[in-house]
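Below are the sequence and a predicted model for it; my questions follow.
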Protein chains: 2
Amino acid sequence: MRKIKIALLGLGNVGSGVWKILKANNEEIKKRSGYKVEIAKILVREKSKERAVEVPEKLLTTDFNEILQDDSIKIIVEVMGGINPAKNYILSSIKKKKHIVTANKMLLATEGDELFKAADELGVMFQYEASVAGGIPIISGINDSLTANKIEQLYGIVNGTTNYILTKMQFEGMSFEEALKKAQEKGYAEADPTSDLEGFDAQYKLAILSSLAFGTKIDIGSVYRAGLSNITSEDISYAKQFGYVIKLLAIVKEINKELEIRVHPTMIPETHPLANVYDSFNAVFVKGNAVGDLMFYGRGAGDLPTGSAVVGDIITILRSNVDIENGIPVVKNNLWHKKIRKREDIESRYYIRTTVKDLPGVLGDITTVFGENNISLKSVIQKGSDEEHLVTIVLVTHKTKEGSIIKTIDELYELKEIHKVDNIIRIEKFK
Amino acid sequence: MRKIKIALLGLGNVGSGVWKILKANNEEIKKRSGYKVEIAKILVREKSKERAVEVPEKLLTTDFNEILQDDSIKIIVEVMGGINPAKNYILSSIKKKKHIVTANKMLLATEGDELFKAADELGVMFQYEASVAGGIPIISGINDSLTANKIEQLYGIVNGTTNYILTKMQFEGMSFEEALKKAQEKGYAEADPTSDLEGFDAQYKLAILSSLAFGTKIDIGSVYRAGLSNITSEDISYAKQFGYVIKLLAIVKEINKELEIRVHPTMIPETHPLANVYDSFNAVFVKGNAVGDLMFYGRGAGDLPTGSAVVGDIITILRSNVDIENGIPVVKNNLWHKKIRKREDIESRYYIRTTVKDLPGVLGDITTVFGENNISLKSVIQKGSDEEHLVTIVLVTHKTKEGSIIKTIDELYELKEIHKVDNIIRIEKFK
């Protein structure tokens, strides 16, 4: 049996998962790859730390050079996260013609292009299935399975933390704060949950998926992003009245050779398969012009699901029979150059929840503003006034441009009756 | 730009899809594969037939030897279906070192082993993504993405016709016959729908998926199969009362190193993601010991979805950089040898609908038979008698062995009160 030596950079959550899987499924991996995989070195910040797995101390090192200079190590598995020093470690490893497996979404979303190019030039394999949606094979789905298709749109739930929170709000009537607390107790949300809640995590993942699906470079700054933190139980309950559920979606569509790319809370019909993706599960829909709608569903995080993708990537390299001197064909990141659509040109339906003063003619005044902006309304709900003589008015529009909505909201604030525009949520039907 | 010549065997539904995709997505395919793909010959039964696509007559041939002897043709795309002559054509092509793409589930389920071996010996690529669940990349999901996992179970909806019928019965209150007629009008069911309705189609697909997921040869005869034709609106409605929906599922599980393999109508909880797979859509769940639950969802049939998988396979061959003289590593079909569990040893929950004579003590007599066979009951519903003094009794059991159920049903028929056991449907919760 042939042997291959690999090194892990990092031994946190994902690194521990990789360690466990290589132990537990040793037999399967040998039979499927034709190799005995040996973890020769693991880069850690400190050697004597309590860890989720028991690892012989002689494997641990705090010095990356020990790994880099060891020519018997053929594959570098980067599971440390962050941009630096991960980027430099990967680039130096590529120069040494070591093949790369990474789970690092932030790095790929911001510096992927440079890394792909470096690997490509030296014929080094560069695998990153684990960087988006953990154990779900969405990267190979796009790169390998859907190659016969022109991809028209891709959208999905790519953040488990926010999906868990929305599930708790939807089914157990929790407030946003209660649901967040519960997510933190369960380990689904970090102590500082900003990256998940404000959609940064989803933004990274969407940038990666968009660049692969549309073969174009995506500047992370061009991905519109809105977070979850102003969604209230009221919105959840109005959504239900209209036959919708709220999910934090990552969406990319090609329209007239432009890409529309955005991450935001979205109302979708309750009969849509994504509506039944609960808890911390992820799911991604891809529409190809030949295959139609495809959905990939599974665990988007966690040591073993993400480790499953990392180890799968290691096996892909082993089975590729790639010679270290020769290149392999990869999906180039820059086959096409696509323009990113301006936010104002996005077309959607909108749910708008407002609080207004209970004055005569208020509903007429508000709907007139919509009319003047050529926005037609599908439904309007007005709820009786409270002690402060404030009334909730919820409006659902037909399809319109986001530019018109922004203008309308500005004009609403000029009305004397307006107390607050509480929330604006886009509604997608994904026809 | 490099050029590659391929030949199609067959120009029916799938063949036309392949033709359309190669035309429409010509640009994408060139960029992604690095090749201009040219269909050099198409084997048809008769040249002058009305077809879904316009094909230059000079490409058509009725003589397979014209294709076989043409050394410039490097890839054979078999989309004719059936066992013979497809099998002989493929074997002769392999001997000529032509690479193979096939969509033929019946052939793979029954003769796959011989074909895999022949291709392997001569280092010929053999791709068959389209053979199961059309455009859904479930084959590469198992073969390439889940390689780090020990697969524990796999189950899903792999037949679109029966799923369409069940959807119409569930949501529009149609009878089985009405729904079947509607499916035939829509082109979802064939004039002779036996293969779909009786589960033969699903049985072929399950045999293929099981052999890949568990690395073992599966004798198609060892796959238990029950069809849909005795499901009535009554069963659908009782299922709803219990919080279930009925789906025709293909199921394989490994239990104590034995495989349990079966195709039958199944009640599943209405909150299970498979419960929301409607119309002619397919979906397959795979549970790996690292990745957890994964679901692949999409169009399981149709010219373009299936063609998408076929063309994807062609691109896989082109990108593999395989040299015609040298082999490539493939997932061997016989890594392990697994025993198939006997039907009597299958454990499940059961829904049993009976019609009985309205005599005093009938419920007691019936439940006693269950008790004597150590089967405990979860729910019992008795419905008032009709003019003929017949009563419906529906029983739902806790988990028990199928052997005990078979014995119980036999004993029920010995009771004087029993008119008929109308239906037995397994209930799965897939924990």
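Sure thing, it's come through. Residues are numbered from 1 along each chain as shown, chains lettered A, B, ... in the order given.

For the nearest residue to A:K401 once chain neighbours are set aside, what are phi and psi?
Excluding the flanking residues, the one nearest A:K401 by CB to CB, 6 or more residues apart in numbering or on different chains is A:E347, at 5.6 Å. C-beta: built from backbone N, CA, C; applies to glycine. When read as degrees, to the nearest 10, the backbone of A:E347 gives phi -110, psi 130.

Is the closest residue to A:T400 other than its chain neighbours in a helix, a strand, or coil?
Closest residue in space to A:T400, ignoring its immediate chain neighbours: A:I375 at 4.7 Å, by CB to CB, 6+ apart. Following DSSP: H, G, I helix; E, B strand; the rest coil, we place A:I375 in the coil state.

Show the model's pLDDT score for A:I375.
The model reports A:I375 with a pLDDT of 96.

quick one: contacts for A:L248?
By CB atoms under 8 Å, 6 or more residues apart in numbering or on different chains, the contact list for A:L248 reads A:157, A:159, A:162-163, A:166, A:199, A:202, A:227-228, A:263-266.

Report the spatially closest residue to it, excluding sequence-adjacent ones.
A:L248's closest residue in space is A:T162 (CB to CB, 6+ apart), at 4.3 Å.

Check that neighbour and give its pLDDT.
96.

so is it in a helix, a strand, or just coil?
helix.

What separation do you get for it and A:D422?
Separation of A:T162 from A:D422 (CB to CB, to the nearest Å): 19 Å.

Between the two, tell me which one has more neighbours.
A:T162 (31 against 15; other CB atoms under 10 Å in any protein chain shown).

now the more buried one: how far from chain B?
19 Å (CB to the nearest CB, to the nearest Å).

what residues are up against the residue nearest to A:T400?
So A:I375 contacts A:397-398, A:400, A:404-405, A:408 (CB under 8 Å, 6+ apart).

could you redo the last one with a cut-off of 6 Å?
A:397, A:400, A:404 (CB atoms under 6 Å, 6 or more residues apart in numbering or on different chains).

out of these, which one sits closest to chain B?
A:T397 (27.3 Å; CB to the nearest CB).

Tell me, how many residues neighbour that closest one?
Neighbour tally, A:T397, other CB under 10 Å: 21.

Skipping adjacent residues, who's closest to it in space?
Closest to A:T397 by CB to CB, 6+ apart is A:Y350, at 4.7 Å.

Is that neighbour in a helix, a strand, or coil?
Assignment for A:Y350 (three-state DSSP): strand.

Count residues in the vicinity of A:I73, would you?
By other CB under 10 Å, neighbour count at A:I73 equals 21.

beta partners of it?
Beta-bridge partners recorded for A:I73 (DSSP bridges): A:K5.

hang on, it packs against A:A40?
Yes. A:I73 lies in contact with A:A40 (CB atoms under 6 Å); the separation is 5.4 Å.

any shared contact partners between those two?
Common neighbours of A:I73 and A:A40 (CB under 6 Å, 6+ apart) are A:5, A:7.

ok so, going back, the residue nearest to A:K401 and B:Q241: what is the separation?
Counting by CB to CB - A:E347 and B:Q241 are separated by 43 Å.

do the same with A:E234
From A:E234 across to B:Q241, the span is 33 Å (CB to CB).

between those two, which one's more packed in?
Taking other CB under 10 Å, A:E234 and B:Q241 do not tie; A:E234 has more neighbours (14 against 11).

Once you drop chain neighbours, what's closest to A:E178?
In space, A:E178 is closest to A:K168, 7.5 Å off (CB to CB, 6+ apart).

swap in A:N159?
A:A202 (4.7 Å).

Over to A:Q170?
Nearest non-adjacent residue to A:Q170, counting by CB to CB, 6+ apart: A:I236, 5.6 Å away.

Am I right that that neighbour is in a helix?
Yes. Looking at A:I236 with three-state DSSP, it is inside a helix.

quick one: contacts for the residue nearest to A:N159?
Contacts of A:A202 (CB under 6 Å, 6+ apart): A:158-159, A:250, A:263.

can you do 10 Å?
A:A202 sits next to A:105, A:132, A:156-159, A:161-162, A:195-196, A:223, A:225, A:227-228, A:248-250, A:263-264 when contact means CB atoms under 10 Å, 6 or more residues apart in numbering or on different chains.

out of those residues, which are inside strands?
Among the contacts of A:A202, the members found in strands (DSSP state E) are A:156-157, A:225, A:248-250, A:263-264.

Out of these, who's the most crowded?
A:A250 (31 neighbours).

thinking that residue is in contact with A:F200, fair?
No. Counting by CB atoms under 10 Å, A:A250 does not reach A:F200; the two are 11.6 Å apart.

Residues contacting the helix or strand bottoming out on mean pLDDT in chain A, please?
Lowest mean confidence among the helices and strands of chain A (mean pLDDT, DSSP states H and E): strand A:339-340, at a mean of 82. Taking contacts as CB under 10 Å, 6+ apart, the residues outside strand A:339-340 that touch it are A:210, A:216, A:218-219, A:221-224, A:252, A:256-261.

tell me the SS of the closest residue in space to A:G17 that isn't next to it in sequence?
Closest residue to A:G17 apart from its sequence neighbours, by CB to CB, 6+ apart: A:G307 at 2.7 Å. Look at A:G307: counting by three-state DSSP, its state is helix.

what's around A:G307, how many residues?
For A:G307, the count of nearby residues is 28 (other CB under 10 Å).

ditto for A:W19
A:W19, neighbours per other CB under 10 Å, totals 23.

can you pull the contacts of it?
A:W19 sits in contact with A:8, A:11, A:39, A:42, A:51-55, A:59, A:303, A:307, A:311, where contact means CB under 10 Å, 6+ apart.

one more time with 8 Å
A:8, A:11, A:39, A:53, A:55.
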